[in-house]
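A.B. asks: after the sequence you'll find the predicted model.
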Amino acid sequence: MTEAIEKRDEFDVEIKGTVGKPFADDPKFESRNVDVFYGDKQAIFDVNLDIAKNEIVAMIGPSGCGKSTYLRCLNRMNDTIPICRVTGHIKLDGEDIYDKHQDPVLLRARVGMVFQKANPFPKSIYDNVAYGARLHGLTSNKTELDDLVEKSLIRAGLFKEVKDDLHKPGTGLSGGQQQRLCIARTIAVDPEVILMDEPTSALDPIATALIEELMIELSAKYTIAIVTHSMQQAARVSNRTAYFHLGKLVEVNDTDSVFTNPEHQLTENYITGRFG
Amino acid sequence: MPIKFLLITLLALLLFGYFIGRKRSLALKANNGGAKKTLHSLPKYYGFLVSLWAGIPALIILLLWTAFDTTIITSMTVSQLPEQTQQLSQDELGLLMNEIINLSQADKISDVSANDAKMLIKQTAANNFARFSHISNLAKTVLVLVMALMGLLLGLRYIRAETRARNYVETAIKLTMMGCASIAILTTFGIIFSVLLESLQFFKAVPITEFLFGTTWSPQTAIRPDQVGSSGSFGALPLFVGTLLIAFIAMLVAVPLGLMSAIYLSEYASQKVRTVVKPILEILAGIPTVVYGFFAALTVAPVIRDMGESMGFHPASESALAAGLVMGVMIIPFVSSLSDDVLSAVPQAMRDGSYGMGATKSETIKKVVIPAALPGIVAGILLAASRAIGETMIVVMAAGLAAKMTVNPMEAVTTVTVQIVTLLTGDQEFDSPKTLAAFALGLGLFMVTLILNVISLHVVRKYREQYE
């Protein structure tokens, strides 16, 4: 036990930079020197990471390692927490999203988010999906809106199950269906990036499999960043995997090489189940 | 023994029962070599069981005896009265019994110096009454204590390994709680029933259609047949119109102000502001209504009159507007505090979901937070409305007494509650239509608030189904 702790301390010293392939040729998101503070406490240290267009990046790491915090920086969801402060640069298509002139509301329409706990609004299934479209005035009449709702539900793989119940409350669906409803709601706004914060952690294996399939389908059109506790999930769906440890980005690489041939000792310890 | 001491003795017996029961069960366990599974329940449950056995039957007897002994003693005393006295009418007999009871409680019961025959009868009856009371009291004490002791002994016999003491005790606790809940319900039914009965009396004198649809309210009835001009007219419509007018004005003030301040407090205000402002807002609800009343009558009403006059109206110096405005301020906390609670209870995940789709704060509040909190908000508003309809002091002072049928807020109107107050204050006959009218008004008021409650329940249930 003591040995393990000592080892860990030893490794902390080693996290100087990120090993592997943190940068991409065709980046959607570029993060440079990102630090995040909650009050006086620093949660994220100097993260440099690119997310390429149409790729799925998985972020793994033990609880409290900062992976969710980092994810929430990408659409400025952290702005809703008063004590949270972000420094460094995050660029979306070359534009700094933390620039003074950026409107976080517009940003969030481009960078959608699916949460750990399915959080459909207390409205009908139809109104849930139509919510974003109505907010942003994406459709001009009822027929277009109907079409959009149907298309989004089809793309989220939920339409068949709910087509007769569109006006029943979204909260009456099962957990997996609710999460797919949240995905449908998110893609109805036609974002460019979808952030997923442990989207399947509350679901059974069958619902999880459905959503993982969905992610792979969606990656044809969208860039996806997913935080997950399941290493199998990361291995199944992602192109690249980023390993976070105590607020630092330790290693990023193609998913296969992270799981078969990790460069960093900490990554190896985590994926082989030695801690975490 | 006075009831005080009887109760103390009983309590002591119960305590004794508890400890001896507990001790017995511990002894039983020790006899068995302290094996873990000797007793079904923990020793304290055996103690409670013994207490229950000692207490419940004794208390039931005590209650029943106390409830019925006066009736029985009275009828026994009456049966000892001379024949022709017993032939008296019910009312006269009741009067006589009152005198006898008073006499029996006076100091010199055995003063037989009265040579008046009637007085002698009363005196004898009073002596009888006192004697019966004494016997009854003694019998009660003995019976209750014997019952308690017997129960205690019986309870001790039940301390056996297989007795499921915990289950019995828990059942007894459950029944007690059910009893408490039903007392509240029964009281409500009792009040409704008595109001209903008196109202029926009233409707015998005044047709219900006249009461409900008549437009003249002038409850002065003739006390002597030769009196003129006080025939009494019981059309309650102006009162209900006045009540609803004032309540409507009050809601017009309270709902927007209350709701807006609730939204500000729960969504925009910092934690610091919230902890200071919310209690201050709630103080509004703690100001006595009589204070609001004279504030309305002495401060607000003159201002309204002056302002109205400067604008070319001629408002009465007591007006529905003054009462309604002040009442509105009074019920703001009902709306704001309850709404603030339900708004704050909407989960953060709901808000995050909305922000995550690119909604602004105000869009999120309008489209997600308020709809999710709507059942609670509606409940708060309807509570405030019931409060406004039932409010009395402000309207007594600021709205006037004239039963005028109008929806003009500048005029003096009167409300149901004000009329109930004026009908029942002062010396009154309690069987004239005038006083009975108060019960009918009360019934009407109750009906209105009942309907409001039913509506609110309906709204809440409807949105629950949709929103959960």
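C.D. replies: Noted; the coordinates are in hand. Numbering: from 1, shown residues only, chains lettered A, B, ... in the order given.
A.B. asks: and A:Pro169, its phi and psi?
C.D. replies: Here is the backbone geometry of A:Pro169 (degrees, to the nearest 10): phi -60, psi 140.
A.B. asks: and the least confident helix or strand in chain B by mean pLDDT, which residues are buried?
C.D. replies: Least confident helix or strand, chain B: helix B:83-86 with a mean of 75, by mean pLDDT, DSSP states H and E. Buried residues in helix B:83-86, counting neighbours by 16 or more other Cβ atoms under 10 Å in any protein chain shown, are found at B:Thr85. Where C-beta positions appear, they are placed from N, C-alpha and C, glycine not excepted.
A.B. asks: can I get it in CSV, CA atoms only?
C.D. replies: Taking Å, rounded to 0.1, in the frame of the first residue of the first chain, the C-alpha atoms of helix B:83-86 are listed here in CSV:
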residue,chain,number,x,y,z
GLU,B,83,-93.3,14.0,40.1
GLN,B,84,-94.6,17.4,39.0
THR,B,85,-91.1,18.9,38.7
GLN,B,86,-90.2,16.1,36.3
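A.B. asks: how distant is that helix from the center of its chain?
C.D. replies: Here helix B:83-86 is found 43 Å from its chain centre; the criterion is Cα atoms, centre = their mean, to the nearest Å.
A.B. asks: now swap in stretch A:165-180 and tell me
C.D. replies: Mean-position distance between stretch A:165-180 and its chain equals 22 Å (Cα atoms, centre = their mean).
A.B. asks: could you work out the end-to-end span of that stretch for me?
C.D. replies: 15 Å (Cα to Cα, to the nearest Å).
A.B. asks: does that stretch reach chain B?
C.D. replies: Yes - with Cβ under 8 Å from any Cβ of the partner chain as the measure, stretch A:165-180 is seen reaching chain B through A:Pro169, A:Thr171.
A.B. asks: what does the least confident helix or strand of chain B contact?
C.D. replies: Here helix B:83-86 makes contact (Cβ atoms under 8 Å, 6 or more residues apart in numbering or on different chains) with B:Val78, B:Ser79, B:Leu93, B:Leu96, B:Ile121.
A.B. asks: what is the burial count for the fourth one?
C.D. replies: For B:Leu96, the tally of surrounding residues (other Cβ atoms under 10 Å in any protein chain shown) stands at 18.
A.B. asks: and for the last one?
C.D. replies: Residues near B:Ile121, counting by other Cβ under 10 Å, number 17.
A.B. asks: so who does the nearest residue in space to B:Leu103 that is not next to it in sequence touch?
C.D. replies: Leaving out its chain neighbours, the residue that sits closest to B:Leu103 by Cβ to Cβ, 6 or more residues apart in numbering or on different chains is B:Ala126, at 3.9 Å. Counting by Cβ under 8 Å, 6+ apart, B:Ala126 touches B:Ile100, B:Ile101, B:Leu103, B:Ser104, B:Ala106, B:Ile109.
A.B. asks: could you check how far the fourth one is from B:Ser133?
C.D. replies: If I follow you right, that is B:Ser104. Distance of B:Ser104 to B:Ser133, given as Cβ to Cβ, to the nearest Å: 7 Å.
A.B. asks: now swap in the first one and tell me
C.D. replies: Applying Cβ to Cβ, the value for B:Ile100 to B:Ser133 is 12 Å.
A.B. asks: give me the more crowded residue out of these two.
C.D. replies: Neighbour count, other Cβ under 10 Å: between B:Ile100 and B:Ser133, B:Ile100 has more, with 24 against 17.
A.B. asks: can you tell me the average pLDDT over stretch B:380-394?
C.D. replies: On average, the pLDDT along stretch B:380-394 is 88.
A.B. asks: do the same with stretch B:262-278
C.D. replies: Stretch B:262-278 shows a mean pLDDT of 91.
A.B. asks: quick one: buried residues of it?
C.D. replies: Of all the residues in stretch B:262-278, those buried under the rule 16+ other Cβ under 10 Å are B:Ala262, B:Ile263, B:Leu265, B:Ser266, B:Glu267, B:Ala269, B:Arg274, B:Val277, B:Lys278.
A.B. asks: let's have the residues you listed in JSON lines, adding secondary structure.
C.D. replies: Output for these, formatted as JSON lines (DSSP: H, G, I helix; E, B strand; the rest coil):
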{"residue": "B:Ala262", "secondary structure": "helix"}
{"residue": "B:Ile263", "secondary structure": "helix"}
{"residue": "B:Leu265", "secondary structure": "helix"}
{"residue": "B:Ser266", "secondary structure": "helix"}
{"residue": "B:Glu267", "secondary structure": "helix"}
{"residue": "B:Ala269", "secondary structure": "coil"}
{"residue": "B:Arg274", "secondary structure": "helix"}
{"residue": "B:Val277", "secondary structure": "helix"}
{"residue": "B:Lys278", "secondary structure": "helix"}
